[in-house]
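Novice: Below are the sequence and a predicted model for it; my questions follow.
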Amino acid sequence: MSETIFSKIISKEIPAAILYEDDLSLAFRDVNPQAPVHFLVIPKKPIVKLADATIEDQSLLGHLLLVANKVASQEGLTAFRLVTNCGAEAGQSVFHLHIHVLGGRSFDWPPG
Ligand code: AMP
């Protein structure tokens, strides 16, 4: 997998507002927030997109959801939305798997 802006955030080559970090994952604020609270949860493992995850990644994917939960709670969110854009047509612009966590306002359904 080629280098992305997120691999540079993992390696600390570029700064980010990091909210949580452990051996497997990182959570940091989205630089272009779409809600009062908007952060991203990423695996340190370079998975390009959700569709590329395999059975080997099963516990890692579960871990990312629990990190989303933990940081949402840290941020005081009682309601929040998770989004993973998988592929350019779905809106993915950074090709390192990430989960958007958005909160602090109400959301429409279906999404645009
Ligand atoms: P997506 O379009 O689903 O791939 O989401 C990529 C997200 O990464 C967008 O919401 C961007 O605002 C966000 N983003 C891009 N560069 C950075 C950065 N350096 N720090 C934090 N968030 C970023």
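Specialist: Good, I have the coordinates.
Novice: quick one: the longest helix along the chain to chain centroid distance?
Specialist: In the chain, ranked by residue count with DSSP state H as the criterion, the top helix is helix 58-74. For helix 58-74, the distance from its own C-alpha centre to the chain's C-alpha centre is 10 Å (C-alpha atoms, centre = their mean, to the nearest Å).
Novice: Double-check that Leu19 belongs to a strand.
Specialist: Yes - with DSSP: H, G, I helix; E, B strand; the rest coil as the criterion, Leu19 is part of a strand.
Novice: so how far is the ligand from it?
Specialist: In this view, Leu19 and the ligand are 11 Å apart by C-beta to the nearest ligand atom, to the nearest Å. C-betas here are computed from N, CA, C, even on glycine.
Novice: you'd agree that residue is up against Phe39?
Specialist: Yes - the pair Leu19 and Phe39 qualifies as a contact (C-beta atoms under 8 Å) at a distance of 5.7 Å.
Novice: Just the angle for the longest strand along the chain relative to helix 58-74, thanks.
Specialist: When secondary structure is assigned using DSSP state E, the longest strand within the chain turns out to be strand 37-43. Here the directions of strand 37-43 and helix 58-74 differ by 160 degrees (axes from the mean of the first three to the mean of the last three C-alpha atoms, to 10 degrees).
Novice: Show me what strand 37-43 is packed against.
Specialist: Contacting strand 37-43 under the criterion 3 or more C-beta pairs under 8 Å, 6 or more residues apart in numbering; DSSP states H and E are the following elements: helix 5-10, strand 25-29, helix 58-74, strand 99-103.
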